[in-house]
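In: The sequence and its predicted three-dimensional model are supplied below.
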Amino acid sequence: MCIITRLKGPALKWHSQRTRAHPNEAYAAWKQALKDNFKHPAGRDKQIQKLENITQKPNQLVRMFIDKIDSSYNAICDDTGNNNLSIKNDLLDKILLRGILKPIKNLMVLTECYQKSLLGMTHKERHCYVRPLCTKRK
């Protein structure tokens with residue numbers, strides 16, 4: 001790799017540490033790691049903005065949309081050591097609700113309201129509330 005002879009300063013130090021940790025690494029993997037390590041912060045800001053504005057396509061399954069949000073988030077943020085997942089989940093929920101198709105969003109909001117209304121009820125109250133919804137009409 002003749003490019004290595006042109007590395008200086010932090011890039012050369014990074015390369016030395018990288019080759020010790022990954023001695024038989026393929027060039028493509030090394031090149032991607034170099035790009036990831038020395039990415040301009042403005043590029044990350046642009047990726048975050050793109051993630052926050054992601055929208056579901058008309059024929060896209062909800063599960064595929066959620067997977068796209070998750071993979072985009074994981075590509076931007078390295079939170080493997082983060083123990084507070086509630087912040088991550090809140091952010092991803094906001095992105096999901098902002099970008100999901102309107103009929104699905106309405107259904108999700110109704111379901112959440114329904115679940116919250118059931119939380120404050122006793123078992124007997126919940127049974128009386130849910131039962132009329134579940135009974136068949138004659």
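Out: Arrived safely. Keep in mind that what you see is a predicted model, and the values were worked out from it rather than measured. Numbering: from 1, shown residues only.
In: so who does A33 touch?
Out: Shown in contact with A33 (Cβ atoms under 8 Å, 6 or more residues apart in numbering): 18, 25. Just so you know, the C-beta spots here come from the backbone N, C-alpha and C atoms, and that holds for glycine as well.
In: Could you chop the chain up by domain?
Out: Annotated domains of the chain cover 1-38, 39-100, 101-138 [automatic domain parsing].
In: Let me see the mean pLDDT of the longest one.
Out: Averaged across domain 39-100, pLDDT comes to 79.
In: Ends of that domain, what's the gap?
Out: Chord length of domain 39-100, first to last residue, is 30 Å (Cα to Cα, to the nearest Å).
In: Show the average pLDDT along stretch 23-33.
Out: 86.
In: Report the buried residues of it.
Out: Going by neighbour count (16 or more other Cβ atoms under 10 Å), the buried part of stretch 23-33 is W30.
In: Stretch 6-15 now?
Out: Residues of stretch 6-15 classed as buried: H15 (neighbour count, 16+ other Cβ under 10 Å).
In: Which residues does it contact?
Out: Under Cβ under 8 Å, 6+ apart, the answer for stretch 6-15 is 4, 34, 37-38.
In: repeat that with 7 Å
Out: Identification of contacts with stretch 6-15 by Cβ atoms under 7 Å, 6 or more residues apart in numbering yields 4, 37-38.
In: between those, which is closest to R20?
Out: Nearest to R20 among the contacts of stretch 6-15 is I4, at 13.8 Å by Cβ to Cβ.
In: before we move on, what SS does the closest residue to the closest one other than its chain neighbours have?
Out: Nearest residue to I4 in three dimensions, chain neighbours excluded: H15, at 6.2 Å (Cβ to Cβ, 6 or more residues apart in numbering). Of the three states, H15 takes helix under DSSP: H, G, I helix; E, B strand; the rest coil.
In: Kindly report the same for P23.
Out: coil.
In: how far away is it from I48?
Out: Separation of P23 from I48 (Cβ to Cβ, to the nearest Å) stands at 34 Å.
In: Flag every buried residue along the strand or helix carrying S72.
Out: Assigned by DSSP states H and E, S72 belongs to helix 62-76. Buried residues in helix 62-76, counted by 16+ other Cβ under 10 Å: 65, 68-69, 72-73, 76.
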